[in-house]
Structures are given as C-alpha cells and as structure tokens.
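A.B. asks: Below is the structure, and that's it, no one-letter string:
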C-alpha cells in the first residue's frame, strides 16, 4: 500500500510540473524531474523488497516433531470410541502463540485422515513463575484433563504434576488416555507411566544442542533432540534424566 501511495505522489508531482511549464519553465521542469525520480525510486524500492526480503520461516521442526510423534503414539493406542483429544498447554510465558500453533497444527495434520477424532486446545491457568518452573498444580491439571465430556485422550505439552499417578488412579471415573511432552525433563511421570496410566512421554535429550534452525528428517531430528519413554522403558529413561 505504501508503494502505491509514493508512486501516486510521484505521478501527481510530475503532472503538476507539466502544467506549470506554461507559466514557469524552471519550476515546471524541476517538478517533472522530481516526480519522475520519485516514481523510479519507488519502483526500485518495491523491486528490492520483492527480491531480497527473506521469506518468513516455516514451523520450528524441533517443535513439530514432538507433536508428530505424540500424534502417532495416540494413533497406536486409539480409544474404543470417537471423541475429543484435548491438547493442554502451559501459559504464553512458557510456550508462545507461534509455538503453540506449531504443536497443535502438526498434531491436527496427523489426525486429519481420522475424522472421528477432534482436537481442543486448552491453556492451563497457572501463574507465570510456577509455569516457568514446571510446577503445574494437580488441581488445575485435573480440572483440565478430566472435566471434559467426550474427551477420549489428553496430550499435555506442559508435563504433568508430581502426583499425577494419584489423580489418574483415583479419579471419579476412568481417566482418558494420556500422552505427555515434558519440556522441563522432570521425572514426575515415572510412576504413572510405569503402571500404564500414561501411555507415552517425550522429554528433551540430556546434552542435546539445538541449532538455530533445526533441519533434517523427522526421525533424525527426534533422535538428536528427544527421548521417548513408554511403560517398558520408563525407568531407563528416568535414569538418563537423573544423571544429566
């Protein structure tokens, strides 16, 4: 829009110059030259922006592979009935809107061929200080994970509270299946995963260094940056985290 305004202004100045040449040759000629130069500068500016402005980057692959693997783990343990998969996120102070969109968007793309499952995004209402430390209150997490009619699974991108096993085993009704990404790399999930109350957990790989721009095939990126735990490997993955 700004290009068009400057281009229009240059044309107007040049036209005024042509009209003034009948009264003042010098002024008219000067305005014509100024208008033409303005038009040329605007066109060059537009060309430069079109050719040399870098394109906006795509989704962060380091984030996308987490959602990709969690979605595939969900499909490996599908519920017996259709319903909603609730995606739980920490506040924006921990995961911003762009990252949240990458996680949720990737998860949705994997589930797209399976129309019987819909997703719902929920941001946990946790104070910023507690959220940044990964301290999600059990009551807050329980309300988000269980108080949803038709919810067949929960996928947490906010880790889980330390006493998650108590919540999942003592709830008023059978808890939905649960898949977890623990960005803090805690071991809060070990007991619940070992007993099968949680199906899958992904944690950052100790010592892994992220490049400024993550690239590569999904499997290679995942193996470089993350660890995945299931009930059979819960203790082994926890031991790696405890020795990081």
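C.D. replies: Structure's in. What do you need? What you are looking at is a predicted structure, and each value in this text was computed from that prediction instead of being measured.
A.B. asks: Can you tell me which residue is spatially central in the chain?
C.D. replies: What sits nearest the mean C-alpha location of the chain, by C-alpha atoms, centre = their mean, is residue 99, with 2.3 Å.
A.B. asks: which residues sit in contact with that residue?
C.D. replies: Contact partners of residue 99, counting by C-beta atoms under 8 Å, 6 or more residues apart in numbering, are 60, 63. All C-beta atoms are positioned from the backbone trio N, CA, C, and that covers glycine.
A.B. asks: Assumed it was part of a helix.
C.D. replies: Yes - Residue 99 sits within a helix when classified using DSSP: H, G, I helix; E, B strand; the rest coil.
A.B. asks: Just the pLDDT for it.
C.D. replies: You'll see residue 99 listed with a pLDDT of 93.
A.B. asks: same thing with the one 3 residues further on?
C.D. replies: Taken from the predicted model, the pLDDT recorded for residue 102 is 95.
A.B. asks: cool, and residue 185?
C.D. replies: For residue 185, pLDDT reads 93.
A.B. asks: Can you name the next helix or strand after the helix or strand where residue 165 lies?
C.D. replies: For residue 165, the host element (DSSP states H and E) is helix 164-169. Per DSSP H and E, the first helix or strand lying C-terminal to helix 164-169 is strand 177-181.
A.B. asks: neighbouring contacts of that next one?
C.D. replies: 66, 70, 73-74, 77, 79, 145, 152-157, 159-160, 168, 189, 192, 197-203.
A.B. asks: Pretty sure residue 118 sits against residue 85.
C.D. replies: Yes - contact criterion C-beta atoms under 8 Å: residue 118 and residue 85 qualify, at 7.1 Å.
A.B. asks: Compare the two (neighbour count), which wins?
C.D. replies: residue 85 (23 against 15; other C-beta atoms under 10 Å).
A.B. asks: Show me which positions of whichever strand or helix holds the more buried one end up buried.
C.D. replies: Element membership for residue 85, per DSSP H and E: strand 83-89. Neighbour-count burial for strand 83-89 flags 83, 84, 85, 86, 87, 88, 89 (criterion: 16 or more other C-beta atoms under 10 Å).
A.B. asks: separation between residue 62 and residue 216?
C.D. replies: 10 Å (C-beta to C-beta, to the nearest Å).
A.B. asks: which neighbours do those two share?
C.D. replies: Taking C-beta under 8 Å, 6+ apart as the criterion, residue 62 and residue 216 do not both touch any residue.
A.B. asks: which of the two has more neighbours?
C.D. replies: Using other C-beta under 10 Å as the criterion, residue 62 and residue 216 rank with residue 62 on top: 22 against 15.
A.B. asks: which other residues reach the strand or helix carrying the more buried one?
C.D. replies: Assigned by DSSP H and E, residue 62 belongs to helix 61-76. Residues from elsewhere that reach helix 61-76 (C-beta under 8 Å, 6+ apart): 85, 99, 102-107, 110-111, 114, 153, 155, 157, 177, 179, 181, 199-200, 202, 210, 214-216, 218, 221-222, 225-226, 228.
A.B. asks: Which of those fall in helices?
C.D. replies: Among the contacts of helix 61-76, the residues falling in helices (DSSP state H) are 99, 102-107, 110-111, 218, 221-222, 225.
A.B. asks: so what's residue 108 closest to, chain neighbours aside?
C.D. replies: Nearest non-adjacent residue to residue 108, counting by C-beta to C-beta, 6 or more residues apart in numbering: residue 119, 5.6 Å away.
A.B. asks: Got the phi and psi for the one you found?
C.D. replies: The phi/psi pair for residue 119 (degrees, to the nearest 10) reads phi -110, psi 150.
A.B. asks: where does it land on pLDDT?
C.D. replies: pLDDT for residue 119: 93.
A.B. asks: can you start the count at 864 instead of 1 from here on
C.D. replies: From this message on, residue numbering opens at 864, which makes the last subject residue 982.
A.B. asks: are any of the ones in helices among the contacts of helix 924-939 buried, and which?
C.D. replies: Counted by 16+ other C-beta under 10 Å, those give 962, 965, 966, 967, 969, 970, 973, 974, 1084, 1085, 1088 as buried.
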